[in-house]
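In: predicted structure and sequence below. I'll ask about it afterward.
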Amino acid sequence: MDIDPASRGIGQAATTRFASFPAMLIHRGEKKYLLYFDIGYEEYVLTWLVEESQEFREDTA
């Protein structure tokens, strides 16, 4: 899914698959999005987000 602001205006939503589950992504503002998914997937999705974000963290040591 393209999340470039030029392709999706503020307030627009799109359904997609996120971490292998159905989800809805809403563009709330510049660099701000809301992600909705079924609460039954909460633990898995949050764990997935933390694990996948590791590559973007700067090493502070």
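Out: All right, it came through fine. Residues are numbered from 1 along each chain as shown.

In: report the contact partners of the most centrally placed residue in the chain.
Out: Taking Cα atoms, centre = their mean, the centroid of the chain lies closest to Leu35, which sits 5.2 Å from it. Under the criterion of Cβ atoms under 8 Å, 6 or more residues apart in numbering, the contact list for Leu35 reads 18, 23-25. Placement of C-beta: from N, CA and C, glycine included.

In: at 10 Å instead, please
Out: 16, 18-19, 23-26, 45, 49 (Cβ atoms under 10 Å, 6 or more residues apart in numbering).

In: which stretches of this protein have low pLDDT?
Out: Within the chain, the stretches with pLDDT under 70 are 5, 59-61.

In: would you map the strands across it?
Out: For the chain, the strands defined by DSSP state E occupy 13-18, 21-29, 32-37.

In: closest to Asp2 out of those strands?
Out: For Asp2, the closest of these is strand 13-18, at 9.1 Å, according to Cβ to Cβ.

In: now do the closest one and strand 21-29, the angle between them.
Out: If you take axes from the mean of the first three to the mean of the last three Cα atoms, to 10 degrees, strand 13-18 sits at 140 degrees to strand 21-29.

In: before we move on, the earlier item: make a markdown table out of the strands of the chain and add distance to Gln54.
Out: Below are the strands of the chain laid out as a markdown table (distance: least, Cβ to Cβ, whole Å):
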| stretch | distance to Gln54 |
| --- | --- |
| strand 13-18 | 17 |
| strand 21-29 | 20 |
| strand 32-37 | 18 |
